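>>> sequence unknown, structure follows:
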DNA sequence: CTGATTTACATTGTGCACAATATAATTTCC
DNA sequence: GGAAATTATATTGTGCACAATGTAAATCAG
């Protein structure tokens, strides 16, 4: 194999390692979240909602978007599904009718207790040192920041 | 914040760091791949096809699936789109009519030359040491193997 | 050899992601 | 104060992912 071959070899792409691992992790979450009646992106939304709830904050759609890096095209239908399941409520602000404020229902708040064991059970049966995950998380976050700060790619 | 709070804090989830970085990387690929008329998953398929082509192999749909961890529900429509763009051809095997064999067209083969500069341009303007990416890739692959080897999660 | 099982791929339906556009409310700038 | 620009969310359309199911061909078992 020449260098030229190597550049485009699938196994040399970090992007593919990232893509494959992300899907494998999501797949491992799936049966656990199914017990909660949540998809993986819905679970992420609920994590933000639970956090905000504890701080007495009722986030706006755009707050979720900023936190999760998702736009209204993704969030609006997702939030409507969570609303239909009575996990949260969406309401326009009286002061500014453009804004939709989100608040947990009691059912949504209660679901947190059932979710509390998800992170633990996820790792269960996996022989991975916790510190390894910590340093990986740090590296992923650091690279995310580089990408979000950087200019769009060249030419 | 109590420990109990921390467990479900969004910023403590490796899964979220992985999810966010994966989407940020894909977003950075997007304008480059658009020049090739490819989506990101289509690009991954083409990487496998180019590799196979150089080895004189015409992979089956299931070969792509095994390599990319995708099933026919994802691959069949994706491959049909690549076929419509005349980048590859799909043909049932005479010996075993269940099997669909994939071969690059000349246009598909030619696209490789245009793709050759994608990895370089992707990193352009990013201040990241190559060795950092190498060790990250290794870590991601190692964890993928752990997940793929492991039992499904408990309970 | 034939019925049962397995294999490979296709189809259907749901739920993201995301670009592009739409809509309505607020803010800004003369 | 009113036209223009901006902001926040919604809608539409395309393309994944993936579960569940279908279909036809090949293999296996008795």
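Okay, I see it. Everything numeric in this text was worked out from a predicted model, so none of it was measured.

>>> what does stretch A:14-31 rub up against?
Residues from elsewhere that reach stretch A:14-31 (C-beta atoms under 8 Å, 6 or more residues apart in numbering or on different chains): A:10, A:40, A:43, A:118, A:122, B:14-15, B:18-19, B:21-22, B:25-26, B:29, B:40, B:44, B:47, B:68-69, B:133, B:136-137, B:140-141, B:143-144, B:147-148, B:152-153. No exception for glycine: its C-beta is placed from N, CA and C like everyone else's.

>>> pull out the buried members of those.
A:10, A:40, A:43, A:118, A:122, B:14-15, B:18-19, B:21-22, B:25-26, B:29, B:40, B:44, B:47, B:68-69, B:136-137, B:140-141, B:143-144, B:147, B:153 (16 or more other C-beta atoms under 10 Å in any protein chain shown).

>>> can you give the contact residues for stretch A:122-142?
For stretch A:122-142, using C-beta under 8 Å, 6+ apart, the contacting residues are A:28-29, A:32, B:12, B:14, B:17-18, B:20-21, B:132, B:136, B:139, B:143, B:146-147, B:150-151, B:153-154.

>>> and the residue of chain A closest to DNA strand C?
Evaluated by C-beta to the nearest atom of the strand, chain A has residue A:73 as its residue closest to DNA strand C, separated by 2.9 Å.

>>> and that residue, how far from residue A:23?
Using C-beta to C-beta, to the nearest Å, we find residue A:73 at a distance of 22 Å from residue A:23.

>>> between these two, who's got more neighbours?
Each of residue A:73 and residue A:23 has its neighbours counted (other C-beta atoms under 10 Å in any protein chain shown); residue A:23 has more, 17 against 9.

>>> can you confirm that one is in a helix?
Yes - using DSSP: H, G, I helix; E, B strand; the rest coil, the assignment for residue A:23 is a helix.

>>> how much space separates it from DNA strand D?
4 Å (C-beta to the nearest atom of the strand, to the nearest Å).

>>> and what of residue A:147?
In terms of C-beta to the nearest atom of the strand, residue A:147 sits 18 Å off from DNA strand D.

>>> name the residues of chain A found near DNA strand D, please.
Neighbours of DNA strand D within chain A, by C-beta under 7 Å from any atom of the strand: A:19, A:23, A:26-27, A:30, A:60-62, A:65, A:71-73, A:75-77, A:79, A:90, A:96, A:98-101.

>>> which PyMOL command selects the buried ones in those residues?
A single PyMOL command selects the buried members of the residues of chain A next to DNA strand D (16+ other C-beta under 10 Å):
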select buried, chain A and resi 19+23+26+60+61+65+75+79+100+101
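
>>> strands - which of the residues of chain A next to DNA strand D land there?
Secondary structure from DSSP state E places A:90, A:100-101 of the residues of chain A next to DNA strand D in strands.

>>> which one of these is nearest residue A:4?
Each of those was scored against residue A:4 by C-beta to C-beta, and residue A:100 proved nearest at 51.4 Å.

>>> ranges for the helices of chain A?
Secondary structure of chain A (DSSP state H): helices located at A:3-7, A:14-36, A:40-54, A:61-68, A:72-84, A:106-115, A:118-123, A:130-149.

>>> mind checking which of those helices is nearest residue B:108?
Here helix A:3-7 is closest among these (C-beta to C-beta), at 16.5 Å.

>>> low pLDDT regions in chain A?
A:1-3, A:151-155 (pLDDT under 70).

>>> within range of DNA strand C, give me the residues from chain A.
Checking chain A against DNA strand C by C-beta under 7 Å from any atom of the strand, the hits are A:39-42, A:69-74, A:77-78, A:81, A:95-98.

>>> need the contact partners of stretch A:99-106.
Residues contacting stretch A:99-106 (C-beta under 8 Å, 6+ apart): A:49-50, A:53, A:58-62, A:64, A:79, A:86-93.

>>> buried among these? Need that as a selection in PyMOL.
Selection of buried members from the contacts of stretch A:99-106 for PyMOL, criterion 16+ other C-beta under 10 Å:
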select buried, chain A and resi 49+50+53+58+59+60+61+64+79+87+88
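
>>> can you narrow the contacts of stretch A:99-106 down to the ones near chain B?
residue A:50 (C-beta under 8 Å from any C-beta of the partner chain).

>>> any idea how far stretch A:23-39 is from the chain center?
In terms of C-alpha atoms, centre = their mean, to the nearest Å, the centre of stretch A:23-39 is set 12 Å apart from its chain centre.

>>> excluding covalently adjacent residues, which one is nearest to the residue nearest the centre of chain A?
By C-alpha atoms, centre = their mean, chain A has its centre lying nearest to residue A:44, at 3.8 Å. Sequence neighbours aside, residue A:68 is the residue nearest to residue A:44 in space, at 5.7 Å (criterion: C-beta to C-beta, 6 or more residues apart in numbering or on different chains).
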